[in-house]
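> With the input below, show me the fold.
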Amino acid sequence: MPKKPAMSVPNLRSIDLNLLTVFEAVYEERNQVKAAERLAMTQPGVSLALSRLRYLVNDRLFQARARGLVPTPKGDELYVRIHQALNLIRDEFSLRGGFDVETSQRTFVVAITYGGGAMFGPTLNALIQSQAPNVRLVLRTIDPVSELSGLLKDQRIDVAIHQQRFDDPQLEHLPYDEHELVVIAHQDHPRIRFSPDLELLLAEQYVTAYDLLAGGSEGELGVLLEGVRVRTEMEVPTALLLPHVVRQSELLAVMPREMAENFSELYDIRYFALPVNAPPIKTFLIWHRELTDDPGHSWLRQQLLDLRESWKARHTHRA
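Numbering: from 1, shown residues only. So this is what the prediction gives:
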C-alpha cells in the first residue's frame, strides 16, 4: 500500500509574523481604516498585509458588506488560533507570563446583555485606562445566547455578563449583580399618571427588547411578563431603544431599574415599580475555566467586580 506523502511544515522564517497582528486587528475592528489607526499603520499597508496573508492561507478571509468587513468561515477559524497564540506571546513578554498593567497591550472582550455596555462601558473603560493605558476594551452584545458558550470556549470573548447559568463544566460562573424590573412610560402618558396597578398595566400596549424578557418567571411576575409579551405591539433589538419609542408613543416598556433611572434623566419618561412580587434578576460573570488563573484575566474580573461595587453604591445613594 503506497505511503501517504508527508505534510510539509512551513518555514516560519519565510512568513512575516506581523501579518498576524494585522489580521487580528482587522478581524476585531471589522474595518481596515480603524485597524490601521490602532496599529499606527497606513491603510494601504494594512491592505497589502491582508493580501499577503490571503495568498498564504489561500482564502479571502473577509468579504466587504455595507456594515463592514465580514469574516469568512476560514477567517473565523484562523482568528481563534491567532488570537490565542498572540495572547500567549504577549503574556510571555509581560513579566514572564505575568500581567504588567503599565505596559500590557492586551485586548479584553466583554459581552453583556440588554445593551448594558452603554451604561457602564465608559466607566469601565476609564477604570481600565487609569491603570493600564495600553489595554484595549471591546464590548459585545450577546446575540444569540446559544452561541455564547462556544464563544467563551474559543476565547473570542474573555468574560460575559448574563442572567443564564450554562450547564457546561468548562465554564465558571460568579454571581455578579441583581436587577429590579420597572415599567417606563412617557412623562405625559394619558393613563399612566401614578403607580399603576396590575389590571391597568395588562390593559396597555408594549414595546419590548429582543431577549430582554426571555426565560420563564413564576408567580405574579410570570403573569405580568406573559401579559406584556401578549400585548407587545413592537419589538426592538436592544433595550437602549426602548426609551426612544416610549417617549414618542403611548407604549409602555419593562426594563432594569438602573437603566430606567439613567434614561429618565435624558428623556421625557418616568418609571414605576411593578405592582407584583418581583424577585430581582440575577446576573453572573461567566468565563472559560482555562482563563481562571491567567493574571490578565484575573485583573479584568477584579475591575468588573470593583465597577459593580461602585455602581451599587451610586444607586443606593440615589435611592
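> Mind pulling the model confidence for the spatially most central residue of the chain?
Residue closest to the mean C-alpha point of the chain, counted by Cα atoms, centre = their mean, is Ala111 at 2.2 Å. In this prediction, Ala111 carries a pLDDT score of 90.
> beta partners for Leu171?
On the basis of DSSP bridges, Leu171 is bridged to His288.
> give me the number of residues near it?
18 (other Cβ atoms under 10 Å). Heads up, the C-betas are built off the backbone N, CA and C, glycines and all.
> Now do it against Leu50, distance only.
As judged by Cβ to Cβ, to the nearest Å, Leu171 and Leu50 stand 33 Å apart.
> Can you give me the domain assignment for the chain?
13-72, 93-178+282-319, 181-279 (automatic domain parsing).
> Could you tell me the least trusted of those?
domain 93-178+282-319 - the lowest mean pLDDT of those, at a mean of 83.
> show me where the stretch 101-250 of the chain has helices.
Taking DSSP state H, counting those that start in this stretch to define them, one finds helices in the stretch 101-250 of the chain at 117-131, 148-153, 198-201, 219-230, 242-246.
> Relative to Arg30, which of the ones you listed is closest?
Nearest to Arg30, of all these, is helix 148-153, at 15.8 Å by Cβ to Cβ.
> And for stretch 146-158, what's in contact with it?
Contact with stretch 146-158 is made by 79-80, 83-84, 87, 108-111, 140, 142, 160, 162, 166, 168, 170-171, 286-288, 290-291, 297, 300, as judged by Cβ atoms under 8 Å, 6 or more residues apart in numbering.
> Where strands are concerned, which of these count?
108-111, 140, 160, 162, 171, 286-288 (DSSP state E).
> Of these, which is the most crowded?
Ala160 (26 neighbours).
> State the distance from it to Asp197.
Counting by Cβ to Cβ - Ala160 and Asp197 are separated by 37 Å.
> Check Gly75 too.
54 Å.
> right, and Gln105 touches Phe99 too?
No - counting by Cβ atoms under 8 Å, Phe99 is not a contact partner of Gln105; they are 11.3 Å apart.
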